[in-house]
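A.B. asks: Fold the following, please.
(one chain, ligands or ions: 1)
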Amino acid sequence: MTRVSHDPFDPQRLAQRLKGLALGHPLYYFETMDSTNGFLRALPAEQFRTGALALADHQTKGHGRFDRRWCDAPGQSLLFSILFEAGEPPSRWSLVTLGAAVSVCRTLERHGIAEPRIRWPNDVLVGDRKVCGILTEKGPTPTTLVLGVGLNVHQRTEDFPPALRQSAGSLRLAAERPWNREDLLVAFLTDFQTVYRQWQEGQDAAILGDCRQRMSTLGRPVYFHSHGRRVEGVVMDLDLDGSLVLREPTGIVSRWHSGEVEEIRWSFES
Ligand code: BTN
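C.D. replies: Purely as a prediction, here's the structure:
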């Protein structure tokens, strides 16, 4: 496989940059790893540290929600996972995913990308293309969580598999300029440490408010896919636990904890 080194990671330099932050220690860096989420999930209990960060230049078995593959070529993406003590009822765990999506959006905004949007619950879109996916999984102990982020940075359209070329995007496709993955990671962790503190302190309303502002489908008609069912509705809100609130055509209001949102686009071609 061709190695594309637009901005190679320097783990020592990066560890130095992360020193002042609450998250990002210890740093486990891999040129190639099967999955950074998998690595942290398999960490022996004695090596468990809140804020441990696994970063890979390339994953051979990256995975996303619903056991889907998350593919990358070396040097193109920002792929990392963070381990932390959740110590919270699982009902609040989805707020971490939403909070991380907000931090990704703010990171992109600070790097000059206009209006990144969150497609509930774990995708970040630029325009209508997905540039980032987030996967939160149970950690190595019952009260720990692993949050994994995959951000497409240097990809050109032809770098994506043909089936994804209409829907996948990258920062390079959004703005043709030099992108630096270490800068993006430091910016994300700087923002996310604040969100993580909010979450620990129970400031759910603040996280939800920031997420609502950036949601791609609030007030819009969608198809909602869950467990093989497709439900049509208008996205009304986010509930207090981060669930999606839909108003169905019958007037029924339903709440969904897990599933996928597909925006309904009308086409007026004759
Ligand atoms: C999704 O869109 O379904 C979530 C994708 C999450 C991918 C990231 S890449 C880093 C971390 N390691 C993994 O195996 N998955 C997450």
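
A.B. asks: for residue 235, helix, strand, or coil?
C.D. replies: Here residue 235 is recorded as strand under DSSP: H, G, I helix; E, B strand; the rest coil.

A.B. asks: count of neighbours near the residue lying closest to it once chain neighbours are set aside?
C.D. replies: With C-beta to C-beta, 6 or more residues apart in numbering as the criterion, residue 235 has its nearest non-adjacent residue at 4.6 Å, and that residue is residue 217. For glycine as for every other residue, the C-beta is placed from the backbone atoms N, C-alpha and C. Neighbour count of residue 217, defined by other C-beta atoms under 10 Å: 20.

A.B. asks: Quickly note the distance from residue 217 to residue 247.
C.D. replies: Residue 217 sits 13 Å away from residue 247, going by C-beta to C-beta, to the nearest Å.

A.B. asks: Ok, residue 209 next?
C.D. replies: Where residue 247 is concerned, residue 209 sits at a distance of 21 Å (C-beta to C-beta).

A.B. asks: So for the two, which residue has more residues nearby?
C.D. replies: Set side by side, residue 209 and residue 247 show unequal neighbour counts under other C-beta under 10 Å, the larger going to residue 247 at 15 against 12.

A.B. asks: dump the residue contacts of the more buried one.
C.D. replies: Each residue near residue 247 by C-beta atoms under 8 Å, 6 or more residues apart in numbering is listed here: 233-234, 236, 253.

A.B. asks: Apply 10 Å and report the result again.
C.D. replies: 221, 233-237, 253-254 (C-beta atoms under 10 Å, 6 or more residues apart in numbering).

A.B. asks: any idea which element the residue nearest to residue 235 lies in?
C.D. replies: If you go by DSSP states H and E, residue 217 is not part of any helix or strand.

A.B. asks: Now, of the contacts of residue 247, which are buried?
C.D. replies: Under a neighbour-count criterion of 16 or more other C-beta atoms under 10 Å, the subset of the contacts of residue 247 counted as buried comprises 221, 233-235, 237, 254.

A.B. asks: JSON lines please, covering these and showing pLDDT and distance to the ligand.
C.D. replies: Formatted as JSON lines, the buried ones among the contacts of residue 247 follow (pLDDT from 0 to 100; distance: C-beta to the nearest ligand atom, whole Å):
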{"residue": "221", "pLDDT": "96", "distance to the ligand": "23"}
{"residue": "233", "pLDDT": "96", "distance to the ligand": "22"}
{"residue": "234", "pLDDT": "97", "distance to the ligand": "24"}
{"residue": "235", "pLDDT": "97", "distance to the ligand": "19"}
{"residue": "237", "pLDDT": "96", "distance to the ligand": "23"}
{"residue": "254", "pLDDT": "96", "distance to the ligand": "23"}
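
A.B. asks: Dump those residues into CSV; add distance to residue 12 as well.
C.D. replies: Conversion of the buried ones among the contacts of residue 247 to CSV gives the following (distance: C-beta to C-beta, whole Å):
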residue, distance to residue 12
221, 51
233, 51
234, 51
235, 45
237, 46
254, 51
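
A.B. asks: ok, these vs residue 183, which is closest?
C.D. replies: Comparing those against residue 183 with C-beta to C-beta picks out residue 235 as the nearest, at 33.1 Å.
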